[in-house]
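>>> kindly generate the corresponding structure for this input.
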Amino acid sequence: MKVPRFGSEIRERVIGKVRNAIYSILSKGVYGKDIIELVEKGPKPYVVVFLGVNGVGKTTTIAKIAYRLKTKGLKSVVVAADTFRAGAQEQLAIHAKRLGLPFIKGKYGADPAAVAKDGVIYATKHLLDAVLIDTAGRMHTDVDLMNELRKVVRVVKPHLKILVLDALTGNDAIEQAKWFDKAVGVDAVILTKLDADAKGGSALSIILTLSKPIIYVGVGQKYEDLRPYDPAEILNKLFE
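Predicted structure coming up:
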């Protein structure tokens, strides 16, 4: 960050005030609870629906959440309610197999809400802790698909609706978030590819524009590469 060439003391004071102001904004994006705590203390099964457009890393993010739960001894079922995109179910099935988790899917073209409901029924029957539901990536401008998403939410009544956004998409991510929030109500955001976002400006934009908390950030492709949102980390990126 560049500031005018004042004396070094004034310069440092200016930078300090700016840093404090930005940190105050970034701190508003802290969700305050880890998914572990939500699942442990919430209703059983705890139902989470993941939203987002294609290409943001939603399926991989779900696998990371499932891994995070498993490492704490919490049992979940992974549900592929994306019944349209070729390969979507197969990709999620591979992750479920690697993690040793039950996997629910429907036939291609099946009603996504019915598939999601099957996942909740399975989790209830088998006394699982959580249901992680992958929905079809959709452009926010597609009215029919957004109505379908509303139906999924209406049928399964999730305890948490997480919007997955790509940190590299800039203003597009903001517009996507606005539409998804308007359609079904977004509870929290997971910001992927933060490791490739050199300055971290996307997090600041999301908090300023949407007033939505960021529960996690993705920083790689491994299951371990999911970290709780840390405003100090973003602040340091902005001032590098």
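>>> quick check, central residue of this structure?
Centroid-nearest residue in the chain: Ile190, 2.9 Å away (criterion: Cα atoms, centre = their mean).
>>> report the secondary structure state of that one.
Here Ile190 is recorded as strand under DSSP: H, G, I helix; E, B strand; the rest coil.
>>> residues touching it, list them.
Ile190 is in contact with 61, 162-165, 214-218, 226, counting by Cβ atoms under 8 Å, 6 or more residues apart in numbering. Quick note: C-beta positions are derived from backbone N, CA and C, even for glycine.
>>> low pLDDT regions in the protein?
1-7, 86, 138-141, 197-200 (pLDDT under 70).
>>> hmm, back to that, and the residue nearest to the centre of the chain, bridged to which residues?
Ile190 forms beta bridges with Val164, Tyr216, as assigned by DSSP bridges.
>>> all strands of the protein, in order?
Ranges of strands in the chain, per DSSP state E, are 46-51, 76-80, 103-105, 130-134, 160-166, 188-192, 214-218, 226-228.
>>> so what does the first one touch, helix or strand wise?
So the one you mean is strand 46-51. In terms of contacts (3 or more Cβ pairs under 8 Å, 6 or more residues apart in numbering; DSSP states H and E), strand 46-51 is packed against helix 35-41, helix 58-71, strand 130-134, helix 143-156, strand 160-166.
>>> need the ones you listed in JSON lines with mean neighbour count and distance to Phe103, can you?
Converted to JSON lines, these look like this (neighbours: other Cβ atoms under 10 Å; distance: least, Cβ to Cβ, whole Å):
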{"stretch": "helix 35-41", "mean neighbour count": "17", "distance to Phe103": "18"}
{"stretch": "helix 58-71", "mean neighbour count": "22", "distance to Phe103": "10"}
{"stretch": "strand 130-134", "mean neighbour count": "27", "distance to Phe103": "10"}
{"stretch": "helix 143-156", "mean neighbour count": "16", "distance to Phe103": "17"}
{"stretch": "strand 160-166", "mean neighbour count": "24", "distance to Phe103": "19"}
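>>> now for the ones you listed, which one comes closest to Glu90?
With Cβ to Cβ, the closest approach to Glu90 among the helices and strands packed on strand 46-51 belongs to helix 58-71: 10.1 Å.
>>> who are the packing partners of the closest one?
Here helix 58-71 touches helix 35-41, strand 46-51, strand 76-80, helix 88-99, strand 130-134, strand 188-192, strand 214-218, strand 226-228, going by 3+ Cβ pairs under 8 Å, 6+ apart.
>>> so that helix versus strand 76-80, what angle?
Angle, helix 58-71 to strand 76-80, by axes from the mean of the first three to the mean of the last three Cα atoms, to 10 degrees: 170 degrees.
>>> need the strands of the chain in TSV (columns: distance to Gln89).
Formatted as TSV, the strands of the chain follow (distance: least, Cβ to Cβ, whole Å):
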stretch	distance to Gln89
strand 46-51	14
strand 76-80	4
strand 103-105	5
strand 130-134	9
strand 160-166	17
strand 188-192	20
strand 214-218	21
strand 226-228	22
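>>> to Val30, which of those lies closest?
With Cβ to Cβ as the criterion, Val30 lies closest to strand 214-218 of these, at 7.8 Å.
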